[in-house]
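Asks: my questions concern the predicted model and sequence given below.
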Amino acid sequence: MNNDMANPSAPLIAIIEDEAPIQKFLHASLQVEGFRIIQATTAKEGVRLITQQHPAIVLLDLGLPDADGISVISSVRGWSSLPIIVLSARGEEKSKIEALDAGADDYLTKPFGVGELLARIRSALRRAARPPVDGEDHTFRFGNVHGDLAARQVFVDENEVKLTKLEFDLLALLVRNRDRVLTHQYLLKEVWGPGSANEPHYVRVFMANLRKKLEKNPSRPQYLLTEQGIGYRLRSS
Amino acid sequence: MSDQERPTPEQMLARIRSESTDAESTSSDGKLRLFFGYAAGVGKTYAMLQAAQAMKREGRDVVIGYVEPHARPETQVLTEGLEALPRLEVSYRGSVLNEFDLDATLARRPEFVLVDELAHTNAPGCRHAKRWQDVEELLAAGINVLSTLNVQHVESLNDIVAEISGVQVRETVPDSILERADEVTLIDVSPDDLLERLRQGKIYVPQQAAFALEKFFRKNNLVALREMALRHAADRVHDDVEIARLGSASNRPWPTNERLLVCVGPSPTSAKVVRAAKRLADRINAPWIALHIESASAVQWSDADRQQLHRNLKLAESLGGEIVQASGDDVSQELLAYAYSRNVTKIVVGKTGDQTNRWWRRPNSLVDRLLRDSGNMDVVVVRGVDEAHSESMHWNTRSSSLPPLRWLEAVIYTVAATLITLLMNRAGFSEANLIMIFLLAVVAVAARCGSLPSIAASVASVVIFDVLFVPPYYRITVYDSQYVVTFAVMLIVGLLASTLTSRVRYQADAARRNERRAEALYRLSRRLANTAKTADLLRETEQIMSEVFDAYAVIYLPNDERKVRPILGHVASFAASAKEFATAQWVLDHNEPAGAGTNTLPSSEAIYIPLSTPDNVAGVMAIQPAKPNTQLSIDARQLLETYATQIAFAIERNNLSDRSKRAELESETEKLRSSLLSAVSHDLRTPLAAIAGAASSLDVSINKESFDPASHDLLETIVDESQRLTRLVENLLHMTRLSSGKVQINRQWQPVEELIGSALHRLDHVLAGREVRVQIDGDLPMVHGDDILLETILVNLFDNALKYSPADSTIEVLSEPVSGGIAIQVADRGCGILPGDEEKIFEKFHRGSGPNTDRRGTGLGLAICDAIVRAHKGTITARSRPGGGTIVRFTIPNESKPPRIATEIDE
């Protein structure tokens, strides 16, 4: 279902959602924001739509009538790295983790406000447009923290902060994937290596250390955010 | 290390087993420490009390369960300062006896208890017949026991002591309890010192045993007893050394491939042979089997013989032997066949008076034939000497037929034969025909009346024939020497016929008996297999048991708390008696037979057999013979145990099938419930998500100036209320899941700070700048819990604090370590809790009833918190805060020690 009214250069969003009320509200809210929209109500139709029309971003409901939404992610990830945002209900942390591990970029828990949705869409689009981090720009900044990944330096305001090797590796991984949710298992595997899968508390302990060193108020973090039951996200703005 | 020195896998296995049983006994069973001596007066009780005093000084919980009331002052002094449990007073035949109170000790549960005189026989009416059984129960309950024992009370040494001292000791303790003792302390003084003490009157002598003791306390006796005690203790040390040596990989042949077999018969000497076999088996560390073979000769046994056999077999059982009964004509062949089938290496038989060398001895005595055919097995022949007959037991077995009647029948046959031959003689028949008639009578007597009457009949026939028909008539004397041959042949034929027919009769009897048993067993198993309902199964079983054993049978089944209930309205009247059902409970708890005819609770009316499967006791079967004052023979007992196994498996099978049906039903219900839940949650959430989303869309994306203030307020109401409704739905779903008990707790270690942080972050929009003070103890360990559920608790508590306190007040969060876990508390300056409401607020749909109560709450938040904390085995409490407000505090215990994080070396 194409939207002829929108600017042809506006980003194309694919909404794969079987619930008519949600679909209607998404369609209306995003159209107002100037996006072009295509819609599908089944997984099969969704995959076909994505292959044919190459949308800039996909909003995917996990509970589709014909197949698990995760199967859509897997088949799309076979050939494309376009951003996928998963829509799911509270209490379905397991399927969210599965979706993220299968390659989804982000998730939103229903019910969500349009403000939150738009923020996630824009941030995903920005990331997709950005060249791989390790290219020219290896400096980063969030809040009063800035640093240089290549020089392995981190500053809070203008004071350099000493991080241990693992703390730095963890931070670097979060910086490279800023605004994305990284699951516990992914962080463990990347920072501690594949043999550490049974020690999920490592990530939590090191994250707490990072917060103590970087956040103003470690018990109410503003940037190093916990996605309870799933993992962590570095909020860059 | 060469291969020879390395222990074989079998040795290692044996060591591991011994270690693991050690570990088991240390973990659950109590320890037994024995003070072992060779006679009364060596100072066992004194040493035991000294040890107890030393323990008390170390601060151990040690009490006196029972110590003989010695008059000796130095012993008396040692009891001071130790807590003494009250004794049990049992009235018996008009006098009151003091006994050790087992139940009081079990109720008191001391760490250590002193129980003097392990070999003591309890007064009738106590739970166990013997004190060592009381001690076993204490040990099984995990209570450590200190006790005393003299060498003459050790069962396997019993007859040697009797031989040395001439005193038969009746109170014996099975060797097994001595073997299981964790520590044996030998108390020794020289016989001269002991005699000196006796002369000084320092040895406590019970009145009734004064005579026996006088016989006992002779120097040569004491020397011999002392040697036995020392040797026994040395054997024990030797065993310990061997186990230790094996542990240090030194080479030693492992003797478990030895197996001993002892033949048990109905003679009193057999008891001695059994004890000898036990000692031999101990020495070579081998298991042993007591085998009785019932042959044709069994038909001639008297009831006394059968009782003696029963006693001998029970003795073997109490000494730790395996009991096997077989039947067959040729004892030695049966015995050897069985021995080969079980890989026996040594056969122990008794040498009885019959087998001493006499010229008429049968060349093929049992011992001879065993020696000839035993192949590579050793045959150990033990001298059997009659012991004094042990005390008579009130034991009645039903005899098969009445002897006077048999003899009468034999007389009638013989008289009839005489009359017929007289008539035939008148009619002119020859002597040969007359002899035939007599032989016919002898065979008839043998067939009908058994062997003794038939032997008598053949002798009588010869005499009558001689007197009546051989000249000179009416005298025993015979003129014609040819008749001697006639008489001899007649006698031999008569005897042979009687032996053969009685053997045939016995075999027919045995076959019939076996057939009856096999038939009953078959009938039982068929009916058990065809019965689906447990109630029917019980009825069927009780009926079959009643028929087979001519007894009342009752089956008790335990309920979920492993308790049996008396059965009312049963045909067997004893089923409803409280005392009887207490016996049933004991059997259920201990998985051992008890009741009439056993050593445990012998005053019960019925015998109680556990219906045990390898991993469970399915129930208890009680059998009471229909005729009063009869008991089951050992045969019947074994048969009963076979039945018990069958019944146990049938009950267990029924239980399992019931359980699997229930589980199936439960899983169906659960499937239905969860599909309903997800359907409902989907149907509620979708429209809510659409409303909330659409409203927010209007709020965010449309130019706000296009709304007049009233419309803007309405929009805000839609957004707020849809959010509230969403929370309500989430809470309802959460509560439903939690109360169905199917929520999996995914415990992980995590810092408390992170939980508080993420909960606050989730409430960012509601907090709207409210001051939250977080105070976390510096040494706070991580918490072991489900991250999502713990966050839910905090979100609910913060939400409540926000809702019920003034907008400008501070919310305080505190977390600190408590023993075995952590505590978190959330405090506000709100309206507080009405007194008496501290518990109620955790109930579902309860809302605070204070004056400032906001009616907007769902009454589920705290109930959810409570359910989650409970699922973590923690506690949650709420109270009013001094100075106004509420404090809610919960604890989450750790299930294990917090993990250590490998510290990282800083770069």
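Replies: Noted; the coordinates are in hand. Numbering: from 1, shown residues only, chains lettered A, B, ... in the order given.

Asks: give the burial count for the one residue in the stretch 501-650 of chain B that gets nearest to chain A, as a bare number.
Replies: Closest residue of the stretch 501-650 of chain B to chain A, Cβ to the nearest Cβ: residue B:615 (32.2 Å). All C-beta atoms are positioned from the backbone trio N, CA, C, and that covers glycine. Residues lying near residue B:615 (other Cβ atoms under 10 Å in any protein chain shown) number 6.

Asks: who are the neighbours in contact with it?
Replies: Under the criterion of Cβ atoms under 8 Å, 6 or more residues apart in numbering or on different chains, residue B:615 has no neighbours.

Asks: what segments of chain A are strands?
Replies: In chain A, the segments counted as strands under DSSP state E are A:12-16, A:36-40, A:57-61, A:84-89, A:106-110, A:139-142, A:145-148, A:153-156, A:159-160, A:181-183, A:224-227, A:231-234.

Asks: so which residues make contact with the last one?
Replies: I take that to be strand A:231-234. Here strand A:231-234 has contacts from A:97, A:100, A:142, A:174-175, A:177-184, A:186-187, A:203, A:207, A:223-227, using Cβ under 8 Å, 6+ apart.

Asks: per-domain residue ranges of the chain.
Replies: Chain wasn't specified; assuming chain A. In the domain annotation for chain A, the residue ranges read A:12-129, A:139-234 (automatic domain parsing).

Asks: you answered for a different chain; I wanted chain B.
Replies: As recorded under automatic domain parsing, the domains making up chain B are B:30-247, B:256-383, B:403-508, B:533-651, B:744-893.

Asks: where in chain A is pLDDT low?
Replies: Where chain A drops to pLDDT under 70, the residues are A:1-6, A:90-91, A:131-137.

Asks: give me the number of neighbouring residues for residue 79.
Replies: Picked chain A for this. 9.

Asks: switch to chain B, that's the one I care about
Replies: For residue B:79, using other Cβ under 10 Å, the count is 17.

Asks: what separation do you get for the residue of chain A positioned farthest from its centre and residue B:879?
Replies: What lies farthest from the middle of chain A is residue A:159; by Cα atoms, centre = their mean that is 30.1 Å. Relative to residue B:879, residue A:159 is positioned 44 Å away (Cβ to Cβ, to the nearest Å).

Asks: quick revisit: out of the contacts of strand A:231-234, which end up buried?
Replies: Buried members of these, scored by 16 or more other Cβ atoms under 10 Å in any protein chain shown, are A:97, A:100, A:142, A:174-175, A:177-184, A:186-187, A:203, A:207, A:223-227.

Asks: within reach of chain B, which of the residues you listed are there?
Replies: A:207, A:225-227 (Cβ under 8 Å from any Cβ of the partner chain).

Asks: quick one: which of these is nearest chain B?
Replies: Comparing these against chain B with Cβ to the nearest Cβ places residue A:226 closest, at 3.9 Å.

Asks: hmm, residue B:758 and that closest one touching each other?
Replies: Yes. Here residue A:226 reaches residue B:758: they are 3.9 Å apart, a contact under Cβ atoms under 8 Å.

Asks: next, the contact list for the spatially closest residue to residue A:212 that is not a sequence neighbour, please.
Replies: Computed as Cβ to Cβ, 6 or more residues apart in numbering or on different chains, the closest residue to residue A:212 that is not its neighbour in sequence is residue A:218, at 4.9 Å. Each residue near residue A:218 by Cβ under 8 Å, 6+ apart is listed here: A:208, A:211-212, B:753, B:757.

Asks: highest neighbour count among those?
Replies: Neighbour tally across those (other Cβ under 10 Å): the maximum, 27 neighbours, falls on residue B:757.

Asks: quick one, phi psi at it?
Replies: phi -60, psi -50 (degrees, to the nearest 10).

Asks: picking that back up, let's have the domains of chain A in CSV, adding distance to residue B:728.
Replies: Formatted as CSV, the domains of chain A follow (distance: least, Cβ to Cβ, whole Å):
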stretch, distance to residue B:728
domain A:12-129, 13
domain A:139-234, 21
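
Asks: can you say which of those is nearest to residue B:320?
Replies: domain A:139-234 (48.2 Å; Cβ to Cβ).

Asks: quick check: end-to-end length of the closest one?
Replies: With Cα to Cα, to the nearest Å applied, domain A:139-234 spans 15 Å between its terminal residues.

Asks: just how off-centre is the helix or strand where residue B:440 lies within its chain?
Replies: Assessed by DSSP states H and E, residue B:440 sits inside helix B:431-449. Taking Cα atoms, centre = their mean, to the nearest Å, one finds the center of helix B:431-449 at 58 Å from the center of the full chain.

Asks: which strands or helices does that helix pack on?
Replies: If you count contacts as 3 or more Cβ pairs under 8 Å, 6 or more residues apart in numbering or on different chains; DSSP states H and E, helix B:431-449 packs onto helix B:403-427, helix B:451-469, helix B:482-530.

Asks: show me what counts as buried in it.
Replies: Those would be B:434-435, B:437-439, B:441-449, for helix B:431-449 by 16+ other Cβ under 10 Å.

Asks: quick check: angle from that helix to helix B:482-530?
Replies: 30 degrees (axes from the mean of the first three to the mean of the last three Cα atoms, to 10 degrees).

Asks: what mean pLDDT does helix B:431-449 have?
Replies: The average pLDDT within helix B:431-449 is 84.

Asks: secondary structure element for the residue nearest to residue B:541 when sequence neighbours are not counted?
Replies: Ranked by Cβ to Cβ, 6+ apart and with sequence neighbours excluded, the top spatial neighbour of residue B:541 is residue B:647, at 5.3 Å. Assigned by DSSP H and E, residue B:647 belongs to helix B:634-701.

Asks: kindly report the same for residue B:163.
Replies: Using DSSP H and E, residue B:163 falls in helix B:158-165.

Asks: now swap in residue B:891 and tell me
Replies: In the assignment (DSSP H and E), residue B:891 maps to strand B:886-893.

Asks: parallel or antiparallel, which strands does that strand pair with?
Replies: Using DSSP bridges, the strands paired with strand B:886-893 are strand B:821-827 (antiparallel), strand B:875-880 (antiparallel).

Asks: which stretches of chain A form helices?
Replies: A:20-32, A:43-53, A:69-77, A:93-102, A:114-129, A:165-176, A:184-187, A:201-214 (DSSP state H).

Asks: do the third one and chain B meet?
Replies: No. Helix A:69-77 lies out of reach of chain B by Cβ under 8 Å from any Cβ, never closer than 14.3 Å.

Asks: would you reformat the ones next to chain B among the buried ones among the contacts of strand A:231-234 as a markdown table and include distance to residue A:55?
Replies: Listed next are these as a markdown table, based on distance: Cβ to Cβ, whole Å:
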| residue | distance to residue A:55 |
| --- | --- |
| A:207 | 34 |
| A:225 | 28 |
| A:226 | 31 |
| A:227 | 25 |
